[in-house]
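1. Take this sequence and fold it.
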Amino acid sequence: MDHPLLNAFWMMLWFFLWIMWLFLLFKIVMDIFRSHDMGGWGKAGWLVFVIVLPFLGVLVYLIARGGSMGDRDAQEAARREKAAQDYIRQAAVGGGGGNGAVDQLTKLAELKAKGELTQEEFDRAKAKLLAA
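-> Numbering: from 1, shown residues only. Next up, the predicted model:
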């Protein structure tokens, strides 16, 4: 007896496993190039092994270097997080990109709102800031 639903299930399962393997293959290739503890010949050897014998190469790479692969991922995530935090801190302080002028304009608006600056003084200071 033919079971088309079971055949569809098996086809979807194999397709899902194939997609997972492709994802893993690309992740391994990226890890090979990102690794700083391997020389050029080592990287070339692993890359040829993974490309020529893909299933065996991926399996052997995961067994041999799987643990350090996670460490490199964690280091890269920490580096990116630090870069993002540094950028946010720099943008909040007003460093670069004209943010200093924005801060000064905000201070001028606050002084005008408090009544310490007239409209004329505010307009002149604003024009001077925007011209710079």
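
2. Look at the spatially most central residue of the chain and give its secondary structure.
-> Nearest to the mean C-alpha position of the chain, by C-alpha atoms, centre = their mean, lies Arg80 at 6.3 Å. What DSSP: H, G, I helix; E, B strand; the rest coil gives for Arg80 is helix.

3. That one and Gly67, how far apart?
-> Going from Arg80 to Gly67 by C-beta to C-beta, to the nearest Å gives 21 Å. From N, CA and C alone the C-beta is placed, and that goes for glycine too.

4. same check, this time on Glu81
-> Relative to Gly67, and taking C-beta to C-beta, Glu81 is found at 22 Å.

5. Leu129 now?
-> Leu129 is 56 Å from Gly67, by C-beta to C-beta.

6. ok, those two, which is more surrounded?
-> Leu129 (15 against 9; other C-beta atoms under 10 Å).

7. Surely the more buried one and Asp103 touch.
-> No: with contact defined as C-beta atoms under 8 Å, Leu129 and Asp103 do not form a contacting pair (10.2 Å).

8. what comes up buried for the helix or strand bottoming out on mean pLDDT in the chain?
-> Every helix and strand of the chain was ranked by mean pLDDT, DSSP states H and E. The lowest is helix 99-114, at a mean of 82. Judged by neighbour count (16 or more other C-beta atoms under 10 Å), helix 99-114 contains these buried residues: Gln104, Leu108, Lys112.

9. I am finished for the moment; much appreciated.
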